[in-house]
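*Asks:* okay, sequence plus prediction incoming.
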Amino acid sequence: QRNYSADDVANFFQPDIAPSFYAYFTIREDYATLFERFMMLHRLDAGADIAFLNANDNENFAVTWGQRNRISEPSLSSRTAYVLNRVYPELGDPTPLITNLPDPQSFPANSFWFEALDLSPTTEQTSKNKLTQDEINYRLHTDSLPQHKHATIFKLDQVPFSEEE
């Protein structure tokens, strides 16, 4: 398995009926992923990308294979409907909802991860959507999440104050 390339893994994954590349420990995780991916796309219009990249000598993040909105794949629709009927029966018949999801989109051949962020049908990305190398480096090397102050835990014999205080 360590010798598999991104091409190998993509060829294993493409015909599979998994909504995501994930090593499920139980079937409940697959069940939850189907529901989560559907609800994010249906309610929030938040699509999900999945892509395979070679880890070696790939500083530009060339994508071997990628897809947006895999939950919309026809091969997943019956499983998604099954989950929706059991988790959220108030939706009624989920078939029209699933059918009306945005179509899955394949990443362009020989694309790079940051270029594939915009998969609009236009032939050229506008300069507004095109990331500069500085922006790419910032996204790769900056923790954009707020920093948290974690409580320090001490062993009882290392409490940082004396008994007189």
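*Replies:* Everything's here; your move.

*Asks:* what about residue 106, neighbour count?
*Replies:* Using other CB atoms under 10 Å, the number of residues around residue 106 comes to 13. (Glycine included, C-beta is placed from N, CA and C.)

*Asks:* from memory it sits against residue 69, does it?
*Replies:* No: using CB atoms under 8 Å, residue 106 makes no contact with residue 69, being 10.3 Å away.

*Asks:* just the CA atoms of the helix of greatest length in the chain, as PDB, please.
*Replies:* Of all segments of type helix in the chain, defined using DSSP state H, the longest is helix 27-44. Below are the C-alpha coordinates for helix 27-44, written out as PDB (Å, rounded to 0.1, in the frame of the first residue of the first chain):
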ATOM      1  CA  ILE A  27     -21.100   1.500   9.000                       C
ATOM      2  CA  ARG A  28     -22.500   4.300  11.100                       C
ATOM      3  CA  GLU A  29     -19.700   6.600  10.000                       C
ATOM      4  CA  ASP A  30     -20.600   6.000   6.300                       C
ATOM      5  CA  TYR A  31     -24.300   6.600   7.300                       C
ATOM      6  CA  ALA A  32     -23.300   9.900   9.000                       C
ATOM      7  CA  THR A  33     -21.100  11.000   6.100                       C
ATOM      8  CA  LEU A  34     -23.900  10.500   3.600                       C
ATOM      9  CA  PHE A  35     -26.300  12.600   5.700                       C
ATOM     10  CA  GLU A  36     -23.700  15.300   6.400                       C
ATOM     11  CA  ARG A  37     -22.700  15.700   2.800                       C
ATOM     12  CA  PHE A  38     -26.300  15.900   1.600                       C
ATOM     13  CA  MET A  39     -27.400  18.400   4.200                       C
ATOM     14  CA  MET A  40     -24.400  20.600   3.700                       C
ATOM     15  CA  LEU A  41     -25.000  20.800   0.000                       C
ATOM     16  CA  HIS A  42     -28.800  20.900   0.100                       C
ATOM     17  CA  ARG A  43     -29.200  23.400   3.000                       C
ATOM     18  CA  LEU A  44     -26.100  25.500   2.900                       C
END
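
*Asks:* roughly how far out does that helix sit from the chain middle?
*Replies:* 12 Å (CA atoms, centre = their mean, to the nearest Å).

*Asks:* and stretch 88-102, by the same measure?
*Replies:* Between the mean C-alpha location of stretch 88-102 and the chain-wide mean there is a distance of 22 Å, by CA atoms, centre = their mean.

*Asks:* and the end-to-end length of that stretch?
*Replies:* End-to-end distance for stretch 88-102: 21 Å, by CA to CA, to the nearest Å.
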